[in-house]
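Novice: Give me a 3D structure for the following:
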Amino acid sequence: MKLSILMPVYNERAVVESCISQVLSTALPEELERELIIVDDRSSDGSGEILERLAAERCEIRLFRHDVNRGKGAAIRTAVQKATGDFALIQDADLEYDPSEYPLLLRPLLDGRADAVFGSRYLAGEQTRVLLFWHSVVNKAL
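Specialist: Numbers count the residues shown, from 1 in each chain. Okay, the predicted model is just below:
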(Lines give C-alpha, C1' and ligand atoms only; values in the text may rest on other atoms or scores of the structure.)
Protein backbone atom coordinates (compact mmCIF):
# COMPACT_ATOMS: atom_id res chain seq x y z
CA MET A 1 0.00 0.00 0.00
CA LYS A 2 1.11 3.55 -0.64
CA LEU A 3 0.77 6.84 1.23
CA SER A 4 0.72 10.05 -0.80
CA ILE A 5 1.94 13.01 1.24
CA LEU A 6 0.66 16.19 -0.38
CA MET A 7 2.70 19.33 0.23
CA PRO A 8 1.65 22.72 -1.13
CA VAL A 9 4.58 25.15 -1.13
CA TYR A 10 4.62 28.91 -1.52
CA ASN A 11 7.65 30.97 -0.48
CA GLU A 12 8.91 28.57 2.20
CA ARG A 13 12.62 28.80 1.36
CA ALA A 14 13.70 29.07 5.00
CA VAL A 15 11.97 25.86 6.14
CA VAL A 16 11.09 23.66 3.17
CA GLU A 17 14.28 21.60 3.11
CA SER A 18 14.01 20.79 6.82
CA CYS A 19 10.34 19.92 6.42
CA ILE A 20 11.00 17.57 3.52
CA SER A 21 13.83 15.92 5.43
CA GLN A 22 11.55 15.27 8.40
CA VAL A 23 8.72 14.00 6.20
CA LEU A 24 10.99 11.55 4.36
CA SER A 25 12.74 10.34 7.51
CA THR A 26 9.55 9.70 9.49
CA ALA A 27 9.03 6.00 10.10
CA LEU A 28 5.81 4.71 8.56
CA PRO A 29 3.98 1.48 9.32
CA GLU A 30 5.90 -1.25 7.50
CA GLU A 31 3.05 -2.04 5.11
CA LEU A 32 3.28 1.45 3.57
CA GLU A 33 5.56 2.95 0.97
CA ARG A 34 5.44 6.71 0.43
CA GLU A 35 5.45 9.32 -2.27
CA LEU A 36 5.82 13.02 -1.56
CA ILE A 37 3.80 15.13 -3.99
CA ILE A 38 5.02 18.73 -3.85
CA VAL A 39 3.23 21.53 -5.67
CA ASP A 40 5.18 24.79 -5.90
CA ASP A 41 2.55 27.51 -6.22
CA ARG A 42 4.86 29.88 -8.11
CA SER A 43 7.21 30.70 -5.24
CA SER A 44 9.35 33.78 -5.78
CA ASP A 45 11.83 33.37 -2.90
CA GLY A 46 14.05 30.60 -4.24
CA SER A 47 11.93 27.73 -2.89
CA GLY A 48 11.61 26.36 -6.41
CA GLU A 49 15.35 25.88 -6.82
CA ILE A 50 15.57 24.01 -3.52
CA LEU A 51 12.65 21.81 -4.55
CA GLU A 52 14.25 21.06 -7.94
CA ARG A 53 17.46 19.94 -6.25
CA LEU A 54 15.68 17.76 -3.69
CA ALA A 55 13.44 16.18 -6.33
CA ALA A 56 16.53 15.26 -8.36
CA GLU A 57 18.11 13.67 -5.27
CA ARG A 58 15.14 11.72 -3.92
CA CYS A 59 13.02 9.35 -5.99
CA GLU A 60 10.10 9.60 -3.52
CA ILE A 61 9.59 13.26 -4.45
CA ARG A 62 7.33 14.19 -7.34
CA LEU A 63 7.45 17.93 -8.03
CA PHE A 64 4.81 19.92 -9.90
CA ARG A 65 4.63 23.65 -10.50
CA HIS A 66 1.90 26.18 -11.11
CA ASP A 67 2.59 28.75 -13.82
CA VAL A 68 0.90 31.43 -11.72
CA ASN A 69 0.16 31.65 -8.01
CA ARG A 70 -3.27 30.06 -7.57
CA GLY A 71 -3.44 29.64 -3.80
CA LYS A 72 -3.12 26.79 -1.33
CA GLY A 73 -6.44 25.18 -2.26
CA ALA A 74 -5.45 24.94 -5.91
CA ALA A 75 -2.05 23.50 -4.96
CA ILE A 76 -3.77 20.83 -2.88
CA ARG A 77 -6.17 20.02 -5.72
CA THR A 78 -3.24 19.64 -8.11
CA ALA A 79 -1.50 17.34 -5.62
CA VAL A 80 -4.64 15.22 -5.20
CA GLN A 81 -4.87 14.82 -8.99
CA LYS A 82 -1.24 13.67 -9.17
CA ALA A 83 -1.34 11.34 -6.14
CA THR A 84 -1.16 7.59 -6.75
CA GLY A 85 -1.41 6.38 -3.15
CA ASP A 86 -4.11 4.40 -1.39
CA PHE A 87 -4.14 7.08 1.33
CA ALA A 88 -3.32 10.77 1.25
CA LEU A 89 -2.45 13.35 3.85
CA ILE A 90 -1.69 17.04 3.60
CA GLN A 91 1.54 18.33 5.12
CA ASP A 92 2.11 22.08 5.19
CA ALA A 93 5.69 23.04 4.30
CA ASP A 94 6.06 25.10 7.48
CA LEU A 95 5.77 21.98 9.68
CA GLU A 96 2.54 23.17 11.25
CA TYR A 97 1.79 19.46 11.64
CA ASP A 98 4.36 17.04 13.05
CA PRO A 99 5.30 14.21 10.66
CA SER A 100 6.06 11.95 13.65
CA GLU A 101 2.28 11.72 14.16
CA TYR A 102 1.66 10.06 10.76
CA PRO A 103 1.58 6.51 12.22
CA LEU A 104 -1.03 7.57 14.77
CA LEU A 105 -3.22 9.10 12.05
CA LEU A 106 -2.79 6.16 9.69
CA ARG A 107 -3.41 3.29 12.11
CA PRO A 108 -7.26 3.46 12.09
CA LEU A 109 -7.19 3.45 8.27
CA LEU A 110 -4.78 0.54 8.04
CA ASP A 111 -6.76 -1.45 10.61
CA GLY A 112 -9.98 -0.90 8.66
CA ARG A 113 -11.59 1.00 11.53
CA ALA A 114 -12.07 4.26 9.62
CA ASP A 115 -12.60 5.61 6.13
CA ALA A 116 -11.16 9.03 6.95
CA VAL A 117 -9.07 10.45 9.77
CA PHE A 118 -8.71 14.13 10.57
CA GLY A 119 -6.06 15.68 12.76
CA SER A 120 -6.33 18.99 14.55
CA ARG A 121 -3.74 21.02 16.39
CA TYR A 122 -6.56 22.22 18.66
CA LEU A 123 -7.45 18.80 20.10
CA ALA A 124 -5.67 17.43 23.14
CA GLY A 125 -4.71 13.80 23.52
CA GLU A 126 -3.95 11.14 20.98
CA GLN A 127 -7.36 10.14 19.73
CA THR A 128 -10.86 11.40 20.22
CA ARG A 129 -13.23 9.27 18.15
CA VAL A 130 -13.15 7.14 15.04
CA LEU A 131 -15.99 8.12 12.72
CA LEU A 132 -16.82 5.84 9.84
CA PHE A 133 -17.81 7.67 6.67
CA TRP A 134 -21.05 5.77 6.11
CA HIS A 135 -22.10 6.26 9.74
CA SER A 136 -21.83 10.01 9.31
CA VAL A 137 -23.78 9.92 6.02
CA VAL A 138 -26.59 7.87 7.56
CA ASN A 139 -26.68 10.03 10.68
CA LYS A 140 -27.05 13.16 8.56
CA ALA A 141 -29.81 11.52 6.54
CA LEU A 142 -31.73 10.70 9.71
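
Novice: tally of neighbours for Tyr10?
Specialist: By other CB atoms under 10 Å, 20 other residues sit near Tyr10. The way it works is simple: take the backbone N, C-alpha and C, and place the C-beta from them, glycine included.

Novice: I misspoke; the intended subject was Asp111.
Specialist: 10.

Novice: Also Leu3?
Specialist: By the measure other CB under 10 Å, the count of residues near Leu3 is 22.

Novice: Ok, Ile50 next?
Specialist: 19.

Novice: now the residue nearest in space to the middle of the chain, nearest residue through space, not along the chain?
Specialist: In the chain, the residue lying closest to the centroid (CA atoms, centre = their mean) is Ile90, at 2.7 Å. Leaving aside its sequence neighbours, Ile90 sits nearest to Leu6 (CB to CB, 6 or more residues apart in numbering; 4.9 Å).

Novice: Run through the residues that contact the one you found.
Specialist: Taking CB atoms under 8 Å, 6 or more residues apart in numbering, we find Leu6 in contact with Ile37, Val39, Ile76, Ala79, Val80, Ala83, Ala88, Leu89, Ile90, Gln91.
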